[in-house]
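Participant: what follows is a predicted protein model with its sequence.
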Amino acid sequence: METTVLVIGGGATGTGIARDLALRGVDATLVDRGGLASGTSGRSHGLLHSGARYAESDPVGAEECIEANRVLKEIAGACVRDTGGLFVQLAEDDPAYFETKREACETVGIPANVLDGDAAGEVVPDLSADVERAMEVPDAVVYPSRLVAANAADARDHGATIHPHAPVEGMTVVDGRITGVDVGGTVDDRVDPDYVVNAAGAWAEQVAAMAGVDVEMRPTRGVMVSVEYDRLGPVLNRCRAPDDGDIIVPHDSEVVLGTTSVRVESPDEYPTEEWEVSKTVAECAAMLPPVADAPTVRTWWGVRPLYGPDEDERGGRGISRGFFRLDHAADGVDNFASVVGGKLTTYRQMAESATDHVCDRLGVDAECLTADRQLPGADAPDRLDELVAEFDGQSVTDADVVGACES
């Protein structure tokens with residue numbers, strides 16, 4: 001089986017790369033082992049960042065977020081929900097941090113409107129009385145199942161081949177090039193690619209190792225708790241240095257509470273602790289008290305695809321969630337690259353960067369079109385949910401939303 005580019009990983013970044021390649025006329029095949037969005041993309045809290053979370057610590061990353069936020073609101077339709085967001089300062093929170101974030105948002109170009117506690121309470125009726133002030137920002141909600149499926153569908157419609165149940169089992173490297181990739185599952189064949197892109201997220205280290213390349217990942221787990229609550233309009237963020245339990249993401253009849261950050265050795269096998277759940281609920285309840293006693297619908301953990309060298313350099317949670325494009329020609333494998341790190345919000349920019357690189361290596365002269373073309377089914381939620389089912393892409397993040405239009 002031959003293909004020009006083999007993309008490994010069926011999350012937002014991988015499907016975004018396949019879409020970008022296909023729109024530029026490049027033959028692409030995408031493989032994933034467990035259904036699309038089965039990894040980090042589909043086990044997130046589903047926040048479409050405005051960039052405000054990173055404005056003071058990583059202004060470049062914040063600029064990427066606000067750009068991505070605006071693009072996705074234009075092209076993604078019902079893959080996103082434009083809720084707005086609030087960063088809330090409680091009585092115990094440092095007011096200087098609030099001011100630093102507000103000034104950073106202004107510098108980066110992120111709209112940020114300050115409300116006093118009473119005005120914030122009018123926006124969120126059940127908001128804690130301990131909220132002294134809040135900052136309105138253009139956060140939103142993203143439904144990863146729909147987003148990933150829509151990207152895969154557009155890739156397929158423009159000539160790409162998508163295999164949601166096809167795990168990579170090994171690679172053959174000869175004279176500094178990957179000459180074959182053994183793929184199991186529904187493919188059960190050797191794939192002979194001209195170029196290989198590793199977009200496996202938290203699993204990028206394992207994939208790279210098959211080619212004899214070291215990609216040092218530093219995965220961390222985080223818990224999400226979805227509870228019954230239907231009165232929240234905007235996303236709520238605690239305005240303090242990133243910590244456990246500082247984000248609440250609204251759906252229709254539920255809200256997603258998140259999250260923790262605990263280093264794990266393997267993205268497949270890791271312990272989960274009850275304290276993560278109880279602390280996340282308690283900390284989120286400090287912003288929105290009714291969630292403390294709201295019935296829990298589902299609880300899940302996701303694993304962040306953090307890049308080890310960047311984590312070592314920056315040295316802390318929430319300092320940076322930038323992405324990195326690694327050309328493994330420097331490691332002795334000429335036709336191999338990895339894209340690691342990043343956020344669900346910036347998946348399209350990650351895909352564009354990776355695709356630019358591949359096209360440069362293949363001698364393809366074609367511009368990126370993905371920022372200006374609406375995703376298929378964007379304005380038809382039922383069609384999006386059909387695509388999710390087609391690609392076996394249902395994620396736990398949006399399980400209460402995707403498919404609801406059918407009932």
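Facilitator: Everything's here; your move.
Participant: got the contact list for the residue nearest the centre of the chain?
Facilitator: By CA atoms, centre = their mean, the chain has its centre lying nearest to L344, at 1.9 Å. Residues near L344 by CB atoms under 8 Å, 6 or more residues apart in numbering: 12, 40-41, 44, 46-48, 142, 144, 147. For the C-beta atoms, the positions are set from N, CA and C on the backbone; glycine is no exception.
Participant: show the pLDDT at it.
Facilitator: L344 carries a pLDDT score of 96 in this model.
Participant: tell me the two of the contacts of L344 that are most distant?
Facilitator: Using CB to CB, these span at most 15.3 Å, a distance reached by T40 and L48.
Participant: compare the two and say which is more crowded by neighbours.
Facilitator: Neighbour tally, T40 and L48, criterion other CB atoms under 10 Å: the higher count belongs to L48, 28 against 25.
Participant: do I have it right that that one meets V71?
Facilitator: No - using CB atoms under 8 Å as the test, L48 is too far from V71 to be in contact (10.7 Å).
Participant: before we move on, the earlier item: next step: the contacts of L344 restricted to helices.
Facilitator: 12, 144, 147 (DSSP state H).
Participant: ok, so of the residues you listed, who is nearest G258?
Facilitator: Once CB to CB is applied, the member of these that ends up nearest G258 is P144, at 13.8 Å.
Participant: so the closest one touches L48, yeah?
Facilitator: No - counting by CB under 8 Å, L48 is not a contact partner of P144; they are 10.2 Å apart.
Participant: just to revisit the earlier point, ok, so of the ones in helices among the contacts of L344, who is nearest A199?
Facilitator: Checking the ones in helices among the contacts of L344 one by one against A199 (CB to CB), the nearest turns out to be A12, at 9.2 Å.
Participant: surely the closest one is in contact with A150?
Facilitator: No - applying CB under 8 Å as the test, A12 and A150 come out as separate, 10.2 Å apart.
Participant: for this structure, give me the ranges with low pLDDT.
Facilitator: 312-321, 405-407 (pLDDT under 70).
Participant: my guess is A120 meets R133, correct?
Facilitator: Yes - in this structure, A120 is within contact of R133 by CB under 8 Å, at 6.9 Å.
Participant: quick check: neighbours shared by those two?
Facilitator: Joint contacts of A120 and R133 (CB under 8 Å, 6+ apart) are V88.
Participant: in the helix or strand hosting Q349, which residues are buried?
Facilitator: Following DSSP states H and E, one finds Q349 within helix 347-362. Neighbour counts over helix 347-362 (16 or more other CB atoms under 10 Å) mark 347-359, 361-362 as buried.
Participant: which strands and helices sit next to it?
Facilitator: Here helix 347-362 touches strand 2-8, helix 12-23, helix 59-75, strand 189-198, strand 323-327, strand 336-341, going by 3 or more CB pairs under 8 Å, 6 or more residues apart in numbering; DSSP states H and E.
Participant: can you pull the buried residues of the shortest one?
Facilitator: If I follow you right, that is strand 323-327. 323, 326.
Participant: any of the contacts of L344 buried? List them.
Facilitator: The neighbour-count test (16+ other CB under 10 Å) marks 12, 40-41, 44, 46-48, 142, 144, 147 as buried among these.
Participant: and which of those residues is nearest to L387?
Facilitator: Using CB to CB, those come closest to L387 at L147, 10.4 Å.
Participant: now the closest one. Nearest residue, chain neighbours left out?
Facilitator: C79 (4.2 Å; CB to CB, 6 or more residues apart in numbering).
Participant: with G14 instead?
Facilitator: A199 (3.8 Å).
Participant: residues contacting the one you found?
Facilitator: Neighbours of A199 in contact, by CB under 8 Å, 6+ apart: 7-9, 11, 13-14, 17, 338-339, 354.
Participant: just read off the phi/psi values of it.
Facilitator: phi -120, psi 40 (degrees, to the nearest 10).
Participant: can you flag the buried ones in the contacts of A199?
Facilitator: Of those, these count as buried by 16+ other CB under 10 Å: 7-9, 11, 13-14, 17, 338-339, 354.
Participant: possible to save these as JSON lines with distance to D331?
Facilitator: Shown next, in JSON lines, are the buried ones among the contacts of A199 (distance: CB to CB, whole Å):
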{"residue": "V7", "distance to D331": "19"}
{"residue": "I8", "distance to D331": "16"}
{"residue": "G9", "distance to D331": "19"}
{"residue": "G11", "distance to D331": "23"}
{"residue": "T13", "distance to D331": "20"}
{"residue": "G14", "distance to D331": "21"}
{"residue": "I17", "distance to D331": "20"}
{"residue": "S338", "distance to D331": "10"}
{"residue": "V339", "distance to D331": "15"}
{"residue": "A354", "distance to D331": "17"}
